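*Asks:* When you get a sec, could you give me coordinates for this:
(one chain, ligands or ions: 2)
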Amino acid sequence: MIIHPLSQLKRLSLTILEFFLPRLCLFCGAAVGEKARMAVCPECEGKIQWAASPRCLCCGKVFASREGEDRMCGSCQQEPPPFRQARAAAVYDGPPAEAIKRLKFNRQLAYLPVMQEWLKPLALVMAEQADLIMPVPLHPRRLKSRGFNQALLLAQGLTALPLARDTLIRVRHTRPQVELSPKERRENVKGAFAVSRPERVKGKRVLLVDDLFTTGATARECARALQKAGAVQVDILTVARTKQD
Ligand SMILES: [Zn+2]
Ligand SMILES: [Zn+2]
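*Replies:* Ligands and ions are numbered 1, 2, ... in the order given. Modelled structure (predicted):
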């Protein structure tokens, strides 16, 4: 199952509503004008902290000190992740944090095109070095309760790469990571992913999409499963990543 039919219907009715209503900023309600690229006012856009350099070459961690070049962070040097690089558009704060929460927990699909717009510049660059795009999967039980996989919605139409659905799958239901400590997060997702059709990823460079990168436990576990199935490279793309230190 990809998208719950009801969600598609909701999305359609939102689009129709947006067509007739004056365009308002999704974050503060200010009018943004007919010609605005997206429903975000300049003031709210100004509150976004883009995940800019200097950052870790590997995990994308944004360094607290704004001096210096991109480099490997301490934890990636100590324990190199199984993915090649993880990149996020923004720091998880302000409008991006609001958008992620409202889409995921309040099913406000109007935030989806805004998040895709934020992702696009990175996605275009990363797609040049990938063969396939795929979402971090949800367990069928969570998919049923939420009605949609936000990662799949984000990945759809984001790049020209073939979208591999139902290829990386969750084989175990896990507790929401948000409740857990970093150590518990690693334990929680251990062995939670598998590749249903290894022939699809064998020898391929995979671009994996999710809404949020926190400790990277999920991204690492997904990358391990993909590599086990023969993927030669895994890159991670998320809308946001949590602030570090
Ligand atoms: Zn605003
Ligand atoms: Zn790092």
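
*Asks:* Would you agree Val32 is in contact with Arg23?
*Replies:* Yes: here Val32 reaches Arg23: they are 4.9 Å apart, a contact under CB atoms under 8 Å. C-beta: built from backbone N, CA, C; applies to glycine.

*Asks:* Surely Cys41 touches Ala30?
*Replies:* Yes: between Cys41 and Ala30 there is a contact under CB under 8 Å: 4.4 Å.

*Asks:* Which of these two has more residues huddled nearby?
*Replies:* Between Cys41 and Ala30, Cys41 has the larger neighbour count (other CB atoms under 10 Å), namely 20 against 14.

*Asks:* nearest residue to the more buried one other than its sequence neighbours?
*Replies:* Distances taken as CB to CB, 6 or more residues apart in numbering place Cys25 nearest to Cys41, at 3.8 Å, with adjacent residues excluded.

*Asks:* what do you get for Cys73?
*Replies:* Here the residue nearest Cys73, using CB to CB, 6+ apart, is Cys56, at 3.9 Å.

*Asks:* in this structure, what spans have low per-residue confidence?
*Replies:* Counting by pLDDT under 70, the chain contains low-confidence residues at 1-22, 244-245.

*Asks:* and the nearest residue to Asp166 once chain neighbours are set aside, what does it touch?
*Replies:* Using CB to CB, 6+ apart and skipping residues adjacent in sequence, the residue nearest Asp166 is Ser196, 6.3 Å away. By CB atoms under 8 Å, 6 or more residues apart in numbering, Ser196 lies in contact with 166-169.

*Asks:* next one: Lys204
*Replies:* 131-132, 230-232.

*Asks:* Name the residues of this protein found near ligand 2, please.
*Replies:* Residues of the chain lying close to ligand 2 (CB under 5 Å from the ion) are 56, 58-59, 61, 73, 76.

*Asks:* which residues of this structure fall in strands?
*Replies:* Assigned by DSSP state E, the strands in the chain fall at 85-91, 132-135, 168-170, 193-195, 205-213, 233-241.

*Asks:* about what we covered before: for the residue nearest to Cys41, the count of nearby residues, please.
*Replies:* By other CB under 10 Å, neighbour count at Cys25 equals 20.
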